[in-house]
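J.: A structural model of the following input is requested.
(2 chains)
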Amino acid sequence: MKTSNELKIYNSLRKEKETFKPIHESHIGMYVCGPTVYNEVHLGNCRTFMSFDIVFRYLKHLGYKVRYVRNITDVGHLVGDVDTGSEGKIAKRARLEKLEPMEIVQKYTNSFHKVMAKFNTLPPSIEPTATGHIIEQIEMVQSIIDNGYGYEVNGSVYFDVQKLVSEGKIHDHIYGHLSGKKQEDLFTATRDDLKNQGEKRHPSDFAIWVKAAPNHIMRWQSPWSEGFPGWHLECSAMSTKYLGDRFDIHGGGLDLQFPHHENEIAQNMGACGCAPVNYWMHANMLLLNGKKMSKSKGNSILPKELFDGGHKMFEDDRGYSPMTVRFFMLQAHYRSELNITQEGLDAAEKGYARLMHANQTLDKLDYLGKETITKKDTELLALLAEANELAVALATYNAEGIQASPKIFLATAFASFALLNKLEKLVNPLVKNYEQNHSKNDLGKTLWSIQEFVANTIQQLLDMNNTLRQLPVQLNKFLELDLEHLLGDEASQTKRLRGQFKGFEKKMAHLVEQLTNLNQHNAIVSDPALAREDAIRSNLNGFYEKMNDDFHTPSAIANLFELSKQINQIKKCQLHGTKNLSLATFNRLQNTFSTLIFEVLGLKDETLSMNDDGDTLDQVLQMLIKMRQDARQNKDFATSDKIRNELHKLGIQLHDNKTETTWEKI
RNA sequence: GGUCGGGUGGCCGAGUGGUUAGGCAGAGGUCUGCAAAACCUUGUACGUCAGUUCGAAUCUGGUCCCGACCUCCA
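T.: Take a look at the predicted model:
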């Protein structure tokens, strides 16, 4: 297992995980390509932004000051359709909806923010728009031209990719490296049905300023023509403006790797002479029906359709809450494809609830102290060690051995009997208690209160099953021997010995059987406190190790589930009066768990009613719970069940346990 | 066609040259007036064919299948 304290990030630039070293010690610049606001964001878009929300949150959690810039693309992006000429997506949408382009932009920007808020993603530090940075973009085009990487044709300006490629490595970067494109491919790959192909010097060149066609609505004045900035320019201009010529992290969807990000680098190289980004991160695609989710291909699902239910992909009309969806996505690594299915969402829903319940349980837990190891524990442990020694010792005896050292043999044999008796003395009360109180509360109490430490030794005892069974087998072998003769002077003891042999095997078999039985009925929990301390510590540490491993949320969540199990066990132990945890570990768990869930993973507890009426609602419910308790006391189960069932219909689930009844929204 | 990535148990989804991912679902048990939750135990696995190796699901090669990018897309 990797036990690195260093954050490692998979860098698309070099196709490997690298230790993250920020440019400035404590301040990090991160740029993520945002949405084009000409339509509702679909769920695939959301996945990318949630992935980088995790990056943002975790970096902040580690103590970095992060400037997170995510743009809103509110101009450009020509639709590929040849019939529409050079019309942009936003302009086209504006025409279809009979609105101003800026009305379209505002409408879908608002909607985007609303959706992202539902998913509980933090807003970026700066959210610049392309139309708000036309001047910066024009300046960048000018710089690119001035540096000899851009050329103007008929009012449009193109980036001279060939020139950049011909210069080879510039400041450790080669065009095409990010997307893994070979230079020969770049020369031939580009299809020739693109607009204005004829104006380019080379097929791989791309527009950085486009002269607007007469029917184009969105247009600005520039030194070259009335037009609009090229497809990739805004990110270069705005990242430079807010994060500088060089910054730490640039993120986006994998589908932007080429050509968008490749060209972004080219533009920065052209304008500033340096590669802008140290760590390129790419989030993988969300799949629907095994194919990339995509608006243009009609293979997409909107967040709203998922929340409200009724989407055609689901059998029933049920929906899934934003946090269920978020959790679903966090259970896959951001660099893996994720196929969205109903079964997957169902599983996520339950897993998410499990985590929330554990957190609520932990929240209410008080520290009850820690018991030291009891006398009983040490006794049993010592006996186990003794049993082992005796078994080993007896196994070495043969006829010659007995004759050579009769006294030692006798001592060993009698010690075995003594051991059996002592074990019985310790175990029998447990068995007796179990048998007498088979379905009584005391059973649990008694058995839990013997301390898990004892439980563990019993487990060890069972593990030694074979060894223990060997004891009588070994002794029986000696019955075949002429002990009187072999033992000589000690022969007077043999009568007693033979007598004890007879019952030994039976007794031992019985003891082992009883223990096995107890264990199978889960009367004894094989989960010692010592192991618990360890489990809690290692899983808390594990969370950080996994997150440090390229933000590996699925593995980190596995650690949280392990912690959930521990929390539930602590609760169960406490109900049975067992105190089993050190204060330090308890405090650490209670202080950290919710932080990891809420602050780092960005989940919210939807199972609690945290609205304005929460207090009142709770009071009302406490009243009903009290009434129901009274009914139950009086064995009036008809009434108690009615209360519970009626509440259930209203979406309130009651949970009974030994000491109290709790409620939650479902 | 070119480039790249992947094929893991009923489902989702990690990881690894020999040692538990995890969640959901399934089976058995404990607790419980009954539920719910929780706890304990548990089965099923690494597309296919060959090779390297003491040992491969993990490495190599062939093969089949799927996906992404090459055209706006997160």
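J.: which phi and psi does residue A:225 have?
T.: Per-residue torsions, residue A:225: phi -180, psi 170 (degrees, to the nearest 10).
J.: residues in contact with it?
T.: A:154-156, A:209, A:211-212 (Cβ atoms under 8 Å, 6 or more residues apart in numbering). Placement of C-beta: from N, CA and C, glycine included.
J.: Quick one, which of these are buried?
T.: When the contacts of residue A:225 are checked for burial by 16 or more other Cβ atoms under 10 Å, the buried set is A:155-156, A:209, A:211-212.
J.: surely residue A:121 meets residue A:49?
T.: Yes. Using Cβ atoms under 8 Å, residue A:121 is in contact with residue A:49, at 5.8 Å.
J.: returning to that earlier point: tell me which of the contacts of residue A:225 is nearest to residue A:87?
T.: Residue A:87 lies nearest to residue A:212 out of the contacts of residue A:225, by Cβ to Cβ, at 9.9 Å.
J.: So, low pLDDT: which residues of chain A?
T.: A:1-4, A:76-86, A:183-197, A:315-316, A:370-531, A:576-580, A:608-614 (pLDDT under 70).
J.: and the residue in it that RNA strand B sits nearest to, what are its phi and psi?
T.: Here the residue of chain A nearest RNA strand B is residue A:253; by Cβ to the nearest atom of the strand that distance is 1.7 Å. Torsion angles at residue A:253 (phi, psi; degrees, to the nearest 10) stand at phi -70, psi 150.
J.: Show me what it is bridged to.
T.: residue A:283 (DSSP bridges).
J.: Shouldn't residue A:69 be within a strand?
T.: Yes. Looking at residue A:69 with DSSP: H, G, I helix; E, B strand; the rest coil, it is inside a strand.
J.: give me every residue that touches the residue of chain A closest to RNA strand B.
T.: A:33, A:44-45, A:48, A:282-283, A:285 are the contacts of residue A:253 under Cβ under 8 Å, 6+ apart.
J.: near RNA strand B too, which of the residues you listed?
T.: A:33, A:44-45, A:48, A:283, A:285 (Cβ under 7 Å from any atom of the strand).
J.: Give me the subset of those that lies in strands.
T.: Assigned to strands by DSSP state E, the following of these qualify: residue A:283.
J.: Same list as before, the ones next to RNA strand B among the contacts of residue A:253 that is, but in CSV and with neighbour count and distance to residue A:629 included.
T.: What follows is those, written out as CSV (neighbours: other Cβ atoms under 10 Å; distance: Cβ to Cβ, whole Å):
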residue, neighbour count, distance to residue A:629
A:33, 23, 57
A:44, 23, 49
A:45, 24, 49
A:48, 27, 50
A:283, 26, 50
A:285, 20, 52
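J.: for the strand or helix carrying residue A:280, packing partners?
T.: Assessed by DSSP states H and E, residue A:280 sits inside strand A:277-283. Other elements packing on strand A:277-283 under the criterion 3 or more Cβ pairs under 8 Å, 6 or more residues apart in numbering; DSSP states H and E are strand A:8-11, helix A:43-61, strand A:247-253.
J.: Leaving out sequence neighbours, find the closest residue to residue A:43.
T.: Nearest non-adjacent residue to residue A:43, counting by Cβ to Cβ, 6 or more residues apart in numbering: residue A:301, 5.1 Å away.
J.: And residue A:607, which helix or strand is it part of?
T.: Counting by DSSP H and E, residue A:607 is found in no helix or strand.
J.: correct me, but it touches residue A:356?
T.: Yes. Counting by Cβ under 8 Å, residue A:607 touches residue A:356, with 5.0 Å between them.
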